[in-house]
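Peer 1: only geometry, no sequence info:
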């Protein structure tokens, strides 16, 4: 996929995301996502945390086995899925409804039997009609960030309003690293900090040479592969010792630092990876 096609598909994803009805996001929200959809879940999680809301993010199995049956105070459950056969996420919706919790289920169309179950459960069905549901869901998560962030929200909103030009900005800031990583054919490990977990997950799913992803806290000498790190300036201030160790003790690595708000960094890190892989999913 060429750059123009990437931008065309990004614009379509933005249009779909903006057309989705925002779910109810009161205080004390439970976010549930399958692993690949954690990109959207983590972006929304950081946004809700930053607005002072109580929020939890779990996998479908964690929510069903360890949380929902024992904790009755969630006001809303929002479930992100990308797999049309994702019965575990549908089961999480069932358990949530048994607990009399409002559920918003965000995904492309599921298999007919699963769609019937969701209809029977009377969930708030947010159908994502997009050929790039992972990016679309992640953009939607950004759009759903609460407005009660003060002046910070106005800055974030300006970025959100200009998402169509994200690729131009990324190429102008990180073009040399993008080209270098495009031409690198060896296996590598992608490290991440909290705000760039979404980008790392995306990287693992679209770049074949990315053999695994790890939080920066797991950096050690046993890892013999080339190392990349995606981070943000906010995260870097707290993790500077580990980032310094990565820069000083290891050769052939790259540190990609996004000078952006942590709420928007997750999406930028995904789009950065899409420029390397030429893939939007």
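Peer 2: That came through, no problem. Because the structure is predicted, anything quoted here is derived from the model rather than measured.

Peer 1: show me the contacts for residue 195.
Peer 2: For residue 195, the contacting residues are 46, 231-232, 234-235, 258, 262, 265-266, 269, by C-beta atoms under 8 Å, 6 or more residues apart in numbering. Heads up, the C-betas are built off the backbone N, CA and C, glycines and all.

Peer 1: mind checking pLDDT for residue 1?
Peer 2: Reported pLDDT at residue 1 in the predicted model: 57.

Peer 1: low-confidence ranges in the stretch 151-281 of the chain?
Peer 2: Along the stretch 151-281 of the chain, the parts satisfying pLDDT under 70 run over 250-251.

Peer 1: Run through the helices of it in chain order.
Peer 2: All helices of the stretch 151-281 of the chain, identified by DSSP state H, counting those that start in this stretch, fall at 151-161, 166-182, 197-206, 233-238, 240-249, 262-277.

Peer 1: For the longest one, enumerate the helices and strands it packs against.
Peer 2: Contacts defined by 3 or more C-beta pairs under 8 Å, 6 or more residues apart in numbering; DSSP states H and E place helix 166-182 against helix 3-19, strand 254-258, helix 262-277.

Peer 1: most tightly surrounded among those?
Peer 2: helix 262-277 (a mean of 26; mean count of other C-beta atoms under 10 Å).

Peer 1: could you check the angle helix 197-206 makes with that helix?
Peer 2: Going by axes from the mean of the first three to the mean of the last three C-alpha atoms, to 10 degrees, helix 262-277 is angled at 20 degrees with respect to helix 197-206.

Peer 1: contacting residues around residue 143?
Peer 2: Neighbouring residues of residue 143 by C-beta under 8 Å, 6+ apart: 17-18, 20, 22, 160.

Peer 1: residues near residue 183, how many?
Peer 2: 8 (other C-beta atoms under 10 Å).

Peer 1: One more: the one 3 residues further on?
Peer 2: For residue 186, the neighbour count with other C-beta under 10 Å is 9.

Peer 1: Quick check: the gap between residue 147 and residue 227.
Peer 2: Applying C-beta to C-beta, to the nearest Å, the value for residue 147 to residue 227 is 38 Å.

Peer 1: Correct me if wrong: residue 17 contacts residue 139.
Peer 2: Yes. Look at residue 17 against residue 139 with C-beta atoms under 8 Å: they come within range, at 3.9 Å.

Peer 1: What's the local residue count around residue 112?
Peer 2: By other C-beta under 10 Å, neighbour count at residue 112 equals 9.

Peer 1: For it, give its distance to residue 202.
Peer 2: From residue 112 across to residue 202, the span is 29 Å (C-beta to C-beta).

Peer 1: what does residue 132 give?
Peer 2: Distance from residue 132 to residue 202, counting by C-beta to C-beta: 11 Å.

Peer 1: Of these two, which one has the most company?
Peer 2: residue 202 (31 against 20).

Peer 1: And that one, how far from residue 242?
Peer 2: 22 Å.

Peer 1: What residues of stretch 45-54 count as buried?
Peer 2: Using 16 or more other C-beta atoms under 10 Å as the test for burial, stretch 45-54 gives 45-48, 50-51, 53.

Peer 1: Give me the number of neighbouring residues for the closest residue to residue 147 other than its chain neighbours.
Peer 2: Among residues not flanking residue 147 along the chain, residue 153 sits closest, at 5.2 Å (C-beta to C-beta, 6 or more residues apart in numbering). Neighbourhood size, residue 153 [other C-beta under 10 Å]: 19.

Peer 1: My guess is residue 153 contacts residue 142. True?
Peer 2: No. Using C-beta under 8 Å, residue 153 and residue 142 do not qualify as a contacting pair, with a distance of 11.9 Å.

Peer 1: Among residue 147 and residue 227, which residue is more densely surrounded?
Peer 2: The residue with more neighbours, out of residue 147 and residue 227, is residue 227; 20 against 10, by other C-beta under 10 Å.

Peer 1: that older thread, ok, which of the helices and strands packed on helix 166-182 comes nearest residue 210?
Peer 2: Closest to residue 210 of the helices and strands packed on helix 166-182, according to C-beta to C-beta: helix 262-277, at 8.8 Å.
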